[in-house]
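In: Requesting a structural model of the entry that follows:
(one chain, ligands or ions: 2)
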Amino acid sequence: MKQAFLPLLSLSILVTLAAPLHAEPTDPLEVRPTLVEPQVSLPTNLVTVPVVNPGEYFVPPLVDDIPDDKTGDMIRWGRNIFVNTQKYAPRYAGNGLNCVSCHLSEGRQPYAAPLWSAYPIYPIQRNKTKTVVTFPQRIQDCFKYSLDGIAPTVDAPEMDALVTYAKWLSTAAPVGVVLPGRGFASIKKTHDPSPIEGEIIYKSRCALCHGENGEGQKNRDGVGYMFPPLWGTDSFNRAAGLNKVKTAAQFIKANMPLGAGYTLNDDESLDVAAYMWIHFRPDDPRKSFFMNRFAPKPGGAN
Ligand code: HEC
Ligand code: HEC
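Out: Ligands and ions are numbered 1, 2, ... in the order given. Next up is the predicted model:
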């Protein structure tokens, strides 16, 4: 599989050398004055957002508002697991990621699948499984695929803590309503995503943080990553949502490069997502070794 891409990669390196780096067209951005400093690890604030009308997105409560009682303790524990899964729930995490690696700003960021837009609409029917899933069952999937790990049972204390945190973030949100900012940004797939174009974008816009080889950068204490890996053994597996080129592009469009969301257009987001996709990552745990190797699904498993 890897060998097949070697000619492609060397070709793309040539293209990288030949093509001058062009300036990406940008969408209008509103930079919140107090938040101009991009935060590179465990951001707690919105960094940049597309121009929005005040009140357009649901505003979750502040960390300081967590009550000072037993429920508050549970919320704080859930938050800790969410932002530092490596430290607070290591036995369930199979790779180097935390929930917050993808659900940015502690699960608050619109269009980074924020928790406040998810908790109030579950249980729902999912396309992936064609069955009705409850909120804890949905969390289990992210443990199994996005964290390439072993999901806590639905009645595990860690699960209770995560659900309590999500419920608290959704304080005063309407129930059963799909709020603006849910999931990821929409994207128009106008061309076949090109990993060759994607590599050029990756090298100029992403490698600085995620590493030349998508390996990310570890924290100084060696536990977890400051900049998470985008592929390789410590990344999400083939069954994760982000393994789909389109879903990854939707995430990237609104959120990456960190602090400069919406600076890649739809085509560029798809190209860089395709470049991520061609690299090695852990197998889909639902499939056999044989099926993983010889029955690949272009564009990713669902
Ligand atoms: C590698 C990135 C990644 C990581 C890490 C990750 N998730 Fe997710 N999560 C996703 C994606 C992508 C989706 C949406 C997938 C889809 O349905 O297409 C999602 C969806 C969800 C949803 C449902 C959102 C909705 O609007 O329905 C919840 C809840 C959730 N994740 C919780 C978690 C928790 C808790 C963790 C940590 C244990 C976690 N996730 C870790 C990528 C990730
Ligand atoms: C300024 C540093 C920075 C740059 C540049 C950057 N990222 Fe990220 N990226 C991050 C951080 C930090 C996270 C995790 C967020 C957290 O933990 O709060 C992340 C998370 C991600 C994730 C989800 C987690 C994972 O490991 O899969 C993807 C996918 C991603 N970035 C893709 C990209 C792409 C593609 C680019 C280039 C277009 C890019 N990033 C540029 C810092 C950066």
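
In: make it CA atoms for all contacts and neighbour counts henceforth
Out: OK.

In: Surely Ala249 forms part of a strand?
Out: No. Counting by DSSP: H, G, I helix; E, B strand; the rest coil, one finds Ala249 to be helix, located in no strand.

In: Tell me how far it lies from Met276.
Out: 10 Å (CA to CA, to the nearest Å).

In: of those two, who's got more company?
Out: Neighbour comparison, Ala249 and Met276: the larger count goes to Ala249, with 31 against 24 (by other CA atoms under 10 Å).

In: ok, that one to Met226 distance?
Out: In terms of CA to CA, Ala249 sits 22 Å off from Met226.

In: Show me which residues of this structure are close to ligand 2?
Out: Where the chain comes near ligand 2, counting by CA under 6 Å from any ligand atom, the residues are 40-43, 100-102, 104, 202, 205-206, 208-209, 226-230, 252, 256-258, 272.

In: The residues you listed, buried ones only, as a ChimeraX selection?
Out: Of the residues of the chain next to ligand 2, the buried ones can be selected in ChimeraX as follows, counting by 16 or more other CA atoms under 10 Å:
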select :42,43,100,101,102,104,202,205,206,209,226,227,228,229,230,252,256,257,258,272
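
In: Now do the one residue in the stretch 201-302 of the chain that gets nearest to ligand 1 against Phe251, distance only.
Out: At 4.0 Å from ligand 1, Gly241 is the closest residue in the stretch 201-302 of the chain, using CA to the nearest ligand atom. Counting by CA to CA, the gap from Gly241 to Phe251 is 10 Å.

In: Of those two, give the one with the bigger neighbour count.
Out: Higher neighbour count among Gly241 and Phe251: Phe251, with 25 against 20, using other CA under 10 Å.

In: List the beta-bridge partners for the spatially closest residue to that one that is not a sequence neighbour.
Out: Nearest residue to Phe251, sequence neighbours excluded (CA to CA, 6 or more residues apart in numbering): Phe184, at 5.6 Å. With DSSP bridges applied, Phe184 shows beta-bridge pairing to Ala112.

In: wait, Phe184 sits on Ala248?
Out: No. Phe184 is beyond contact range of Ala248, at 9.2 Å (criterion: CA atoms under 8 Å).

In: CA-only coordinates of the helix or strand that Trp168 is a member of in CSV, if you can.
Out: Per DSSP states H and E, Trp168 falls inside helix 157-169. C-alpha atoms of helix 157-169 as CSV (Å, rounded to 0.1, in the frame of the first residue of the first chain):
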residue,chain,number,x,y,z
PRO,A,157,-17.9,6.6,36.0
GLU,A,158,-15.8,8.2,33.3
MET,A,159,-18.8,8.1,31.0
ASP,A,160,-21.0,9.7,33.7
ALA,A,161,-18.5,12.4,34.1
LEU,A,162,-18.3,13.1,30.3
VAL,A,163,-22.1,13.2,30.0
THR,A,164,-22.4,15.5,33.0
TYR,A,165,-19.8,17.9,31.5
ALA,A,166,-21.7,17.9,28.1
LYS,A,167,-25.0,18.5,29.9
TRP,A,168,-23.5,21.4,31.8
LEU,A,169,-22.1,23.0,28.6
